[in-house]
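> I would like to see how this sequence folds:
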Amino acid sequence: MSTTLQHEAVIIGSGFGGAVMSARLSRQWPGKVLVLERGKEYPLGAYPRSPADMADNVWCPDGDTARRPRAVRKRKAERGHLTGMFDIRHFEKIDTVTSAVYGGGSQIYANVFLRPPAAVFEQGWPSALRREVLAPYYDVAQQVLGARPVPPASGEDDRRYIRRTERFQEFARQAELPTKMADICVYFGNDYTYRGSDKPVPLGVQEANRYGALQTSCTYCGECDIGCNVQAKNSVDHNYLHVARHRYQTSVRTQCEVERIVPLDAGHADDPDGDGFHGYRVYFRDLPTGETVSVTTQRVVVSAGTLGTNELLMRNRNVHKTLPRISSRLGQQFSGNGDFLAFAVDGTKEVNSTYGPVITQYTDHHLYKDFDRKQAFLLEDASYPTQVGWATAALGPVMSPFAMICTTVKQVLAYAFDKFYPGRKHSSVGYMVQKLFAHDLSQYSAVLLCMGLDNAKGVLRLNKDGWLDIDWPQDSNETLYDAIIRLGKRFTQFIGGKHYLPMPNWLWPIKNNVTVHPLGGCAIADTPEQGVVSAQAGSRGQVFGYQGLYVADGSLMPTALGANPVATITALSEWIAHDMTGAMPDSGL
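Residues are numbered from 1 along each chain as shown. The predicted model follows:
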């Protein structure tokens, strides 16, 4: 190989797939790996929390004309350039929420590490790629990400007691469905998280983790999905990426958006007809300056997330014509992983949805036990930040305006009557404040997170302006959604809730799905007639038709997973890295 190429590998994206690749490839080629990330890097305590800052915390930079919600477009018109961490897109029949940040989806996901059942791999996956094949890679990924159940509480007075978990477990038993504590990638101290001890360190204590990155023992604030400001999430910047940068000298450039990937000829000139044998030139835009920069590399790993990877490869194949060999299967087999979000509102049983890590347990509905592909899904509990809890409390008058008017009149009359009887409790300001918050919605409402096996028949394509679009077969997945809604209504009855509300955009006339787990489009397969990326030994993860061009992220999935996809994305990336480097991965990195 010529020594004039600048890098051995350029990795596009820094989520789970890109992070695995950065650690494994930089160990193989120290100091010769570059990671390009379009988003920002947030240090300790830097994630936005104020309403104004949160409104700007979305992705819509200059030149972006993707179809986004009206509020995002309006904000961009006012501000001109938005490079926040939430990439929210609107499509016909489905909307997506993904991330644009250093560490990718690991910064905003709900921490769950869950292996899909073996049955998922038996239909639509490459012939030799089964769960047992990925088992050792799952094991390594779980150790690196420190996935364990939330530490048990000694009782209701213990700060680790999570009432929400107990409620969901009670419901599962009543519904005669299996329930299990989830392994979550959250830091509870080195002994508990990484060494298997049953003794977590107290909430809020800081220490260096096993890889040398500073973390804080989870404070149970419920802010996992908006960026953890105490760094209690075992996000990939605290393990894979941390080791890559600090041990193996990986270079990282943030706020750099890749635009073109071009094969090189023997003289290292751009050669759109080439197959990558001589390497690649990667063109990217430095977002703060607007400057276009290029680097050369022997190999490229595209880990830009399902939407980003498909969009980038489609533009290079169809618009720039620099990667014309990519399979015609590109964009096929898109899945929303059966995501469905709903709310059980204003119950009689206390839930307390503002405390604890976002997800702590899952209830199995025909995914692991009594497998039924048409209605297989999981129901998971969820918390949300206290800031949202205050907003939720304000919804009380909106949900039941007549009852609120009657209560207010009653309290005013009681207060006026008590003026004649000094010392009565109703004239106490403290009593009135207590009455105001005695039954707020966040304490007596629940968030119902579901994901399951949709049919993965969505199609990704470019619209006339060159931006990603999705054809989503919502009607053919109605059996799954109907089963989810039935169980959600049962849960609402269980807590005595007054309302079962799916996400508002599911209601008529919009009726859109929302997914935070978009998968597929670059399906891993045995042949280019079946998919986009090779599953064969010696070329794992390599794009058919090219040498040295790889994909490692959620776009590889040929089907929905039913379970949270992080474990499989990470394990599959470890499996690909093993083939690329010849070194079996280990948790010591």
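> If we ignore the residues flanking it in sequence, what's nearest P117?
Y368 (5.0 Å; Cβ to Cβ, 6 or more residues apart in numbering). Using the backbone N, CA and C atoms, a C-beta is placed for each residue, glycine as well.
> for this protein, which spans come out with low pLDDT?
Scanning the chain for pLDDT under 70 picks out 1-3, 389-439.
> Just give me the longest strand of it.
Across the chain, the longest stretch assigned as strand under DSSP state E is strand 292-302.
> buried residues in that one?
295-302 (16 or more other Cβ atoms under 10 Å).
> Just send those back as TSV, with distance to I326 too.
TSV is the format used below for the buried residues of strand 292-302 (distance: Cβ to Cβ, whole Å):
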residue	distance to I326
V295	21
T296	21
T297	18
Q298	19
R299	16
V300	13
V301	15
V302	11
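> Quick check: the two most widely separated of these?
Pairwise distances across these peak at 16.3 Å for T296 and V302 (criterion: Cβ to Cβ).
> Quick one: list the elements packing against the strand or helix carrying T309.
Taking DSSP states H and E as the definition, T309 sits inside helix 305-314. For helix 305-314, the elements it packs on are strand 94-99, strand 292-302, strand 459-462, strand 468-471, strand 519-521, judged by 3 or more Cβ pairs under 8 Å, 6 or more residues apart in numbering; DSSP states H and E.
> hmm, who's touching the longest one?
What that stands for is strand 292-302. Residues from elsewhere that reach strand 292-302 (Cβ atoms under 8 Å, 6 or more residues apart in numbering): 1, 4-13, 17-18, 21, 25, 34, 256, 259, 261, 264, 268, 276, 279-286, 309, 312-313, 541, 548-553.
> Quick check: neighbours of that strand in the sheet, parallel or antiparallel?
strand 7-12 (parallel), strand 280-286 (antiparallel), strand 549-551 (parallel) (DSSP bridges).
> Show me which parts of the second one are buried, residue by residue.
So the one you mean is strand 280-286. Residues 280-285 are the ones in strand 280-286 that count as buried (16+ other Cβ under 10 Å).
> now swap in stretch 521-540 and tell me
521-525, 528, 530-535, 539-540.
> Ok, stretch 578-589 next?
578-580, 585, 587, 589.
> P518 and L307 touch, don't they?
Yes: with contact defined as Cβ atoms under 8 Å, P518 reaches L307; the gap is 5.9 Å.
> Which neighbours do those two have in common?
Shared contacts of P518 and L307, defined by Cβ under 8 Å, 6+ apart, are found at 96, 98.
> ok, those two, which is more surrounded?
P518 (27 against 22; other Cβ atoms under 10 Å).
> Roughly how far does the more buried one sit from A483?
Separation of P518 from A483 (Cβ to Cβ, to the nearest Å): 21 Å.
> Can you pull up the most central residue in the protein?
Y109 (3.8 Å; Cα atoms, centre = their mean).
> Verify the contact between that one and V566 for me.
Yes: judged on Cβ under 8 Å, Y109 makes contact with V566 at a distance of 6.2 Å.
> So which residues of the stretch 101-250 of the chain form strands?
Assigned by DSSP state E, counting those that start in this stretch, the stretch 101-250 of the chain shows strands spanning 147-148, 179-181, 184-185, 206-208, 214-216.
> Mean neighbour count for these - can I get that in TSV?
Converted to TSV, those look like this (neighbours: other Cβ atoms under 10 Å):
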stretch	mean neighbour count
strand 147-148	22
strand 179-181	16
strand 184-185	28
strand 206-208	12
strand 214-216	20
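> mind checking which of those is nearest S50?
Nearest of the strands of the stretch 101-250 of the chain (Cβ to Cβ): strand 214-216, 21.4 Å.
> For that closest one, which helices and strands make contact with it?
Strand 214-216 packs on strand 206-208, going by 3+ Cβ pairs under 8 Å, 6+ apart.
> For the strand it packs on, which strands pair with it and how are they oriented?
Assessed with DSSP bridges, strand 206-208 is paired to strand 214-216 (antiparallel).
> who touches the strand it pairs with?
44, 187, 204-209, 230-232, 234, 238.
> Serialize those residues to TSV and add fields for distance to P117.
Output for the contacts of strand 214-216, formatted as TSV (distance: Cβ to Cβ, whole Å):
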residue	distance to P117
L44	38
Y187	28
G204	37
V205	37
Q206	38
E207	36
A208	37
N209	31
V230	34
Q231	33
A232	30
N234	24
H238	29
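> These, buried ones only, as a ChimeraX selection?
The following ChimeraX line selects those of the contacts of strand 214-216 that are buried, judged by 16+ other Cβ under 10 Å:
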select :187,209,230,231,232,234,238
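> which stretches of the stretch 251-400 of the chain form helices?
305-314, 386-393, 396-399 (DSSP state H, counting those that start in this stretch).
> and D475, backbone torsions?
Reported as degrees, to the nearest 10, the phi and psi values for D475 are phi -60, psi -40.
> Please identify the helix or strand for S573.
Assigned by DSSP H and E, S573 belongs to helix 566-581.
> quick one: that helix to chain centroid distance?
Chain-centre distance of helix 566-581: 18 Å, with Cα atoms, centre = their mean, to the nearest Å.
> before we move on, what about stretch 156-167?
Distance of stretch 156-167 from its chain centroid, counting by Cα atoms, centre = their mean, is 25 Å.
> With stretch 372-387 instead?
On Cα atoms, centre = their mean, the centre of stretch 372-387 falls 13 Å from that of its chain.
> Start the count at 427 instead of 1 going forward.
Got it, first residue is 427 now, which makes that one stretch 798-813.
> Give the buried residues for it.
Result for stretch 798-813 [16+ other Cβ under 10 Å]: buried residues 799, 801-811, 813.
> same question, stretch 918-929
Buried residues in stretch 918-929 (16+ other Cβ under 10 Å): 918, 920-921, 923, 926-929.
> can you put those in TSV and add distance to D488?
Listed next are those as TSV, based on distance: Cβ to Cβ, whole Å:
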residue	distance to D488
T918	45
F920	49
I921	47
G923	45
Y926	42
L927	37
P928	35
M929	30
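> Among these, which lie within strands?
Within the buried residues of stretch 918-929, residues falling in strands by DSSP E are 926-928.
> I520: which of these is nearest?
P928 (14.0 Å).
> Is that closest one in contact with K915, as I believe?
No: the criterion here is Cβ under 8 Å, and P928 misses it with K915 at 10.1 Å.
> Can you tell me how far the closest residue to A951 other than its chain neighbours is from T619?
Nearest residue to A951, sequence neighbours excluded (Cβ to Cβ, 6+ apart): G957, at 2.6 Å. With the distance defined as Cβ to Cβ, G957 ends up 36 Å from T619.
> ok, now N483?
For N483 relative to T619 (Cβ to Cβ), the value is 28 Å.
> go on, D1005?
Taken as Cβ to Cβ, the span from D1005 to T619 is 29 Å.
> just T491 next, same as before
43 Å.
> circling back: I'd like the buried residues of stretch 947-966 written out as JSON lines, with secondary structure added.
Below are the buried residues of stretch 947-966 laid out as JSON lines (DSSP: H, G, I helix; E, B strand; the rest coil):
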{"residue": "G947", "secondary structure": "strand"}
{"residue": "C948", "secondary structure": "coil"}
{"residue": "A949", "secondary structure": "coil"}
{"residue": "I950", "secondary structure": "strand"}
{"residue": "A951", "secondary structure": "strand"}
{"residue": "P954", "secondary structure": "coil"}
{"residue": "Q956", "secondary structure": "coil"}
{"residue": "G957", "secondary structure": "coil"}
{"residue": "V958", "secondary structure": "coil"}
{"residue": "V959", "secondary structure": "strand"}
{"residue": "S960", "secondary structure": "strand"}
{"residue": "A961", "secondary structure": "coil"}
{"residue": "S965", "secondary structure": "coil"}
{"residue": "R966", "secondary structure": "coil"}
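> Thanks a lot, see you next time.
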